[in-house]
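Visitor: Fold the stuff below for me.
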Amino acid sequence: MLSLIAGMSQVQAQNFPTRSLTVVVPYPAAGAADIFGRSIAMALEENLKQSVVVENKPGAGGNLGMTYVARSKPDGYTIGLGTIGTQSINQFIYPSMQFDPEKDLTPIALVAMTPNVLVVSANSPWKNLGDVIKAAREAKDKKLSYGTPGIGSSPHLTGAYFEAMSGVELLHVPFKGVSASMPALIGGQIDLLFDNLSGSINQINDGSRVRGIAVTSAERSSLAPNLPTFAESGVSGFDVTAWFAIYVPKGTPQPVVDTLIEAARKGLKTDKVAEAYKKLAAVPGNKFGPDLAAFEKSERAKWGKLVKDRGIQAQ
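Guide: Numbering: from 1, shown residues only. The predicted structure is shown next:
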């Protein structure tokens, strides 16, 4: 009987996929994660010849959605859109995570990489990063506040990294996605906003409500060439890039994993994806399977140390 079941499973894996798939995005709609989740869904759909739907399951800094993925049937039909936060940061700040990003998920493909950006409201007196640092150092009784899409997100850790690198102290104000944090910046409830550049680029380019200050990558973004980097602006060695990747539950048959990796590899190399990502200030990922796992390991070492040194905890 066991050999019969194993044989049936092998046949199913070889015929994969035979029905629609789901990409779970563990964040609200309209943010950077949602954008890249829908982008990779379209790329997979084209190469797998099956429909791929996107389902948003936000909560707990992305942990809710990725826990759902980790506990799903390991057949390749449920795929999670993990981020630098869910895969490399959250385990160090949430004391009781319901999944282990390394042990419970199998890496498929790095989907995209994009810089983060520091933004202020259009009527802010601060024109550059030097102005922000000066104001933060002079703020005695009331720290400057910075909003992010949530605790454990790459913008949150970017803010903490900025504090460590520049020697300033800020007040972190987490929101449920940029759809909530951006209005707070525009409305004057917070002083600063850290976000993925892809999520804020339209507002920055419009310029009527917000002003971009600097990008966090080592080099300027081609989508926002007038924005200097943090390193150019006086914070030497500053280099942070947000990333997004897809995963399936551990135990998914290797033939299925291989099929998904190949579909993602082909999809991410298309001119359509390259052109779409260019408009989002992002570059397609180029790490798959074991290479992505090794990359994650190095990211955990970097961000785990920062979380420990800064004493960051989930509230």
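
Visitor: From now on I want contacts and neighbour counts done on CA atoms only, so please keep to that.
Guide: Will do.

Visitor: Tell me where the model's unsure across the stretch 151-300 of the chain.
Guide: Per-residue confidence of the stretch 151-300 of the chain (counting by pLDDT under 70) places no residue in a weak region.

Visitor: Recalculate using a threshold of 90.
Guide: 151-154, 176-179, 198-202, 222-224, 271-283 (pLDDT under 90).

Visitor: all helices for it, in order.
Guide: Using DSSP state H, counting those that start in this stretch, the helices of the stretch 151-300 of the chain run over 154-166, 178-186, 197-206, 254-268, 271-279, 290-310.

Visitor: For Pro228, find the nearest of the ones you listed.
Guide: When these are compared by CA to CA, helix 197-206 sits nearest Pro228, at 12.8 Å.

Visitor: Identify the single longest strand in this structure, thanks.
Guide: Looking across the chain with DSSP state E, the single longest strand is strand 105-121.

Visitor: Just want the angle from the next helix-or-strand element following it to strand 105-121.
Guide: Sequence-wise, the next helix or strand downstream of strand 105-121 (DSSP states H and E) is helix 129-138. Using axes from the mean of the first three to the mean of the last three CA atoms, to 10 degrees, the direction of helix 129-138 lies 90 degrees away from that of strand 105-121.

Visitor: what sits up against helix 129-138?
Guide: For helix 129-138, the surrounding residues in contact (CA atoms under 8 Å, 6 or more residues apart in numbering) are 126, 143-144, 166, 168-170, 213-214, 230, 233-234.

Visitor: and if we set it to 6 Å?
Guide: Residues from elsewhere that reach helix 129-138 (CA atoms under 6 Å, 6 or more residues apart in numbering): 126, 144, 168.

Visitor: and if you look at stretch 241-257?
Guide: With CA under 6 Å, 6+ apart, stretch 241-257 has contacts from 13, 70, 74-75, 79-84, 104-115, 154, 217.

Visitor: which stretch of helix or strand covers the closest residue to Gln98 other than its chain neighbours?
Guide: Of all residues not flanking Gln98 in the chain, Thr67 sits nearest, at 6.1 Å (CA to CA, 6 or more residues apart in numbering). Following DSSP H and E, one finds Thr67 within helix 63-70.

Visitor: Quick check: next helix or strand after that helix?
Guide: Defined by DSSP H and E, the subsequent element after helix 63-70 is strand 78-83.

Visitor: starting at the chain centroid, how far to that following strand?
Guide: How far strand 78-83 lies from its chain's middle: 11 Å, per CA atoms, centre = their mean, to the nearest Å.

Visitor: I'd like to know which elements that strand is packed against.
Guide: strand 21-25, strand 241-249 (3 or more CA pairs under 6 Å, 6 or more residues apart in numbering; DSSP states H and E).

Visitor: mind putting the ones you listed in CSV, mean neighbour count and distance to Leu280 included?
Guide: Below are those laid out as CSV (neighbours: other CA atoms under 10 Å; distance: least, CA to CA, whole Å):
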stretch, mean neighbour count, distance to Leu280
strand 21-25, 23, 18
strand 241-249, 25, 13
